[in-house]
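Q: Build me a structure from this.
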Amino acid sequence: MKAVVIGGGIIGLCSAYYLQKSGYQVTVLERGDLKDNCSFGNAGMIVPSHFVPLASPGIVAQGIKWMFNSKSPFYVKPALSWRMANWGIKFIQHANQKNADHSAPYLRDLNLLSNNLYIELATQPGFDFALEQKGIIMYYKTDKVGEEEIHLAEKARSLGLDAEVLSAQQAQLLEPEVQMDIVGAVHYHCDAHLYPNKLMEQLIKSVTTNGGVIKTNCRVTKIETELGNIKNVVTPNESFSADVFVVTGGSWLPELSKMVGINIPLMPGKGYSITQNNPAKKLNIPAILCESKVAITPMDGRMRYGGTMEIAGINNKVNINRVKGIIESVPKYFPNLQVALPETKDIWYGFRPCSPDGLPYIGRSKKIKNLIIAGGHSMMGLSLGPATGKLVAELANGNPLSVKATAFDPERF
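A: Model prediction:
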């Protein structure tokens, strides 16, 4: 049995890995260089704590305020675009408590499955990606945000997740190297982290060592169908046939799905990160700075700082004000943790594929029988990679799914 996976990010490579384990001969088609994709520069967090989707109560009002701040963590660039307008309308429709409550158990279960699969993967020969089960700490500076975070912690516990509310003094004891200027924190012991650069390199090696083929700089230009099935995927130099086709594609998912007549609303959300090698001071436990929406991860002897969600078209421009916003937020929480503004060449950016309801697209197409779609994971691509890959293999083989996935129907819109 043959499978073609379109997209060589974390979702595509995990899909290839689990398809191989179930007996498929796999070819991965990646439109660019594998090291250019979003999976290499992210914060490396595995987050069962992130059971609230991007489309959540209050995000629209907050987003409008942030639009007037060039250093804000969330920004939607106004544009005369039907794709943007269609996405925006759907996003507003889903930014409510009903969607958040509906989404929570699905996101929780998918993240927990991924966490377990990462633990299993770390024991396999050829895999050593600095996985650590230390949790993640959410730090807040204001009583208002503290009330919100404590409420979320209570919700997390009701969902069976391990969340502990900390005083400023308790948080300080966990991080003796850094000074803190905070009101309090929540420690999600259920979370974990890893070094994504190592993980990606090891997944690539595993896929190719086990007989898989990865084609880079291989952009799909056409998908040919016949009698409700994909017959061939066409690229500038060759075409590919298979028994099953998996479209991941990251932020390019809409144009790929359009080739087979399927509409998938999705917008790219640009994020930035910078990585310090051998920093003078390190955190022990990954952190999220709540008001600033900045993530800080100690990984494999390094420190990575990341953030912003800039909903706009795909572009190669580095918005230095967004990067300054990330850097300037750090000493507001940790006064003696200073981060220098790097040269532009040392600033990483990537495009997170954002669905309008904040849920990924995972499932078989109803229209094309041999097509599986897996994308739209927003900020949780790395966190949800193994679980998604596992579900893709189960879908390909017609096996029962490890978790309930009805909310992830790729044709729900």
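Q: and Ile119, how many residues sit next to it?
A: A total of 14 residues lie near Ile119 under the criterion other C-beta atoms under 10 Å. Heads up, the C-betas are built off the backbone N, CA and C, glycines and all.
Q: err, Pro410, not the other one
A: Using other C-beta under 10 Å, Pro410 has 24 neighbouring residues.
Q: Now do the contacts for Val145.
A: Listed by C-beta atoms under 8 Å, 6 or more residues apart in numbering, the contact partners of Val145 are 290-291.
Q: nope, Asn99 is what I meant
A: Applying C-beta under 8 Å, 6+ apart to Asn99 gives the contacts 53, 55-56, 357-358.
Q: can I get these in JSON lines with neighbour count, distance to Lys317 and secondary structure?
A: As requested, the contacts of Asn99 are arranged in JSON lines below (neighbours: other C-beta atoms under 10 Å; distance: C-beta to C-beta, whole Å; DSSP: H, G, I helix; E, B strand; the rest coil):
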{"residue": "Pro53", "neighbour count": "25", "distance to Lys317": "28", "secondary structure": "coil"}
{"residue": "Ala55", "neighbour count": "24", "distance to Lys317": "26", "secondary structure": "coil"}
{"residue": "Ser56", "neighbour count": "17", "distance to Lys317": "28", "secondary structure": "coil"}
{"residue": "Asp357", "neighbour count": "22", "distance to Lys317": "28", "secondary structure": "coil"}
{"residue": "Gly358", "neighbour count": "24", "distance to Lys317": "26", "secondary structure": "coil"}
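Q: Between all of these, which two are separated the most?
A: By the measure C-beta to C-beta, Ser56 and Asp357 form the most distant pair in the contacts of Asn99, at 10.1 Å.
Q: After the helix-or-strand element of the chain with minimal mean pLDDT, heading C-terminal, what element do we hit next?
A: Scoring the helices and strands of the chain by mean pLDDT, DSSP states H and E places helix 59-66 at the bottom, with a mean of 72. Downstream of helix 59-66, the first helix or strand assigned by DSSP states H and E is strand 74-76.
Q: For the helix or strand following that following strand, buried residues please.
A: From strand 74-76 onward toward the C-terminus, using DSSP H and E, the following helix or strand is helix 82-94. For helix 82-94, the neighbour count (16 or more other C-beta atoms under 10 Å) marks 84, 87-88, 90-91, 94 as buried.
Q: what would the contacts of Asn99 look like in CSV with pLDDT and distance to Tyr118?
A: Shown next, in CSV, are the contacts of Asn99 (pLDDT from 0 to 100; distance: C-beta to C-beta, whole Å):
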residue, pLDDT, distance to Tyr118
Pro53, 92, 22
Ala55, 84, 26
Ser56, 86, 26
Asp357, 96, 26
Gly358, 95, 22
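Q: Check which helices and strands the helix or strand that contains Leu256 is in contact with.
A: If you go by DSSP H and E, Leu256 is part of helix 253-258. Helix 253-258 sits against strand 244-247, strand 371-375, with contacts defined as 3 or more C-beta pairs under 8 Å, 6 or more residues apart in numbering; DSSP states H and E.
Q: Just give me how far the helix or strand following it sits from the chain centre.
A: Downstream of helix 253-258, the next assigned helix or strand under DSSP H and E is strand 267-277. Averaging C-alpha positions (C-alpha atoms, centre = their mean, to the nearest Å) puts strand 267-277 11 Å from its chain's average.
Q: cool, stretch 23-41 as well?
A: Relative to the chain's own centre, stretch 23-41 is displaced by 15 Å; criterion: C-alpha atoms, centre = their mean.
Q: Kindly format the C-alpha coordinates of it as CSV.
A: Extracted in CSV, the C-alpha atoms of stretch 23-41 (Å, rounded to 0.1, in the frame of the first residue of the first chain):
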residue,chain,number,x,y,z
GLY,A,23,2.7,-0.9,6.7
TYR,A,24,2.5,1.9,4.1
GLN,A,25,5.2,2.9,1.6
VAL,A,26,5.3,6.7,2.0
THR,A,27,6.3,9.6,-0.1
VAL,A,28,6.3,13.1,1.4
LEU,A,29,6.1,16.1,-0.9
GLU,A,30,7.3,19.4,0.6
ARG,A,31,7.0,22.7,-1.3
GLY,A,32,10.1,24.2,0.2
ASP,A,33,13.2,23.4,2.3
LEU,A,34,12.2,21.2,5.3
LYS,A,35,14.1,23.6,7.6
ASP,A,36,12.0,26.5,6.5
ASN,A,37,8.7,25.3,7.9
CYS,A,38,6.9,26.4,11.0
SER,A,39,7.8,23.3,13.0
PHE,A,40,11.4,24.2,13.6
GLY,A,41,11.1,27.5,15.3
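Q: So which bits of that stretch are buried?
A: Using 16+ other C-beta under 10 Å as the burial criterion, the residues of stretch 23-41 that qualify are 24-31, 34, 37-41.
Q: and which of those is nearest to Pro331?
A: Closest to Pro331, out of all of the buried residues of stretch 23-41 and judged by C-beta to C-beta, is Gly41, at 22.5 Å.
Q: now the closest one: how far from Gly350?
A: According to C-beta to C-beta, to the nearest Å, Gly41 stands 5 Å off from Gly350.
Q: Ok, Asn370 next?
A: In this view, Asn370 and Gly350 are 30 Å apart by C-beta to C-beta.
Q: Tell me which of these two has more neighbours.
A: Neighbour tally, Asn370 and Gly350, criterion other C-beta under 10 Å: the higher count belongs to Gly350, 22 against 19.
Q: you'd agree the more buried one is up against Gly306?
A: No. In terms of C-beta atoms under 8 Å, Gly350 does not count as a neighbour of Gly306; the distance is 9.5 Å.
Q: Which residues are in contact with each of these two?
A: Overlap of the contact sets of Gly350 and Gly306 (by C-beta under 8 Å, 6+ apart) consists of 41-42, 271.
Q: residue ranges with poor pLDDT in the protein?
A: Across the chain, residues meeting the criterion (pLDDT under 70) sit at 36-38, 63-65, 67-68, 70, 78-79.
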